[in-house]
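Asks: have a look at this prediction, sequence included:
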2 protein chains.
Amino acid sequence: MSDGVGYCEIRKIEKIDAEEFDGISRILNAIGNRTRIAMLAVISKYREVCACELQPALGMPQPTITTHLHKMYDVGILKRKEVGKFSYYSINPRFEGIVNDILRGRAETMSV
Amino acid sequence: MSDGVGYCEIRKIEKIDAEEFDGISRILNAIGNRTRIAMLAVISKYREVCACELQPALGMPQPTITTHLHKMYDVGILKRKEVGKFSYYSINPRFEGIVNDILRGRAETMSV
DNA sequence: GTGTCATATTAATATGTAGCGATATGAGAA
DNA sequence: TTCTCATATCGCTACATATTAATATGACAC
């Protein structure tokens, strides 16, 4: 150490504000849950699904389904179409790319 | 309703097991945190950084830095090289693609 | 050996989230 | 209107996570 900075001084790395990544982290966080990825898999396959269809497909009670769908809708991953008492969800086209990458595994690169 | 199934019957959707997506969800979950994305931004820019360099760059105490780095290391996102008392982290090449997509914003598609 | 410094671990608190039963809302049918 | 059913919200438990001070480990220099 040579000038009193107190850290190893291989390089001067400029400060970075984590808040800058708040938006993207909330999106990834909304995707990063196995139940919600399973939902995305179903929605991706059928293009558009009724919330009530996911209930038997995932074997989870209705409030759980609704909560997860809302979480993804809130950050823009899902679109919603309401017809009478039914709600149909589809993947927001802006996210189709990354969702498909994730579902396909983007296999070689991401599977563990 | 016509056959006693008890749900809206637009289609028969096969059951899906959320556990199948456990691996990928843990990875996305490890990325989906603003502090860790900020770390990935620094590591991506400098290719390889010492843990002690991240401390001043992010303005967080050492245990916080270590915890986050470990979380990403544990799921394979980061590689680690230990030299003496220093630990150098870099992005596992298998994840460079998706990390860059995320950092670049894959902008049009993912920013909110 | 001792001292220093980078890193890891521990322990504690605070916050967030998953899951789901119970209940409320709201739309359509009768 | 009343009934039914899909959806939304509430409330609670259980668990996971972020954060950080304190402490331990481990490497190097002396």
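Replies: The structure has been received and is ready for your questions. Numbering: from 1, shown residues only, chains lettered A, B, ... in the order given.
Asks: chain A: strands as residue ranges?
Replies: Using DSSP state E, the strands of chain A run over residues A:48-50, A:78-83, A:86-91.
Asks: DNA strand D contacts on chain A?
Replies: Within chain A, the positions near DNA strand D by CB under 7 Å from any atom of the strand are A:50-52, A:55, A:62-63, A:66-67, A:69-70, A:80, A:85-87. Where you see a C-beta, it was placed from the backbone N, CA and C, and this is true even at glycine.
Asks: what about the helices in chain A?
Replies: A:22-31, A:34-46, A:51-58, A:62-74, A:93-103, A:107-110 (DSSP state H).
Asks: worst average pLDDT in these?
Replies: For those, mean pLDDT drops lowest on helix A:107-110, to a mean of 47.
Asks: what sits against the spatially most central residue of chain A?
Replies: Ranked by distance to the mean C-alpha position of chain A (CA atoms, centre = their mean), the top residue is A:I31 at 1.9 Å. By CB atoms under 8 Å, 6 or more residues apart in numbering or on different chains, A:I31 lies in contact with A:37, A:40, A:72, A:77, A:98-99, A:102, B:28, B:32.
Asks: do the same with A:K15
Replies: By CB under 8 Å, 6+ apart, the contact set of A:K15 is B:56-59.
Asks: what's it sitting at in phi/psi?
Replies: For A:K15, the backbone dihedrals are phi -70, psi 150 (criterion: degrees, to the nearest 10).
Asks: all set now, cheers.
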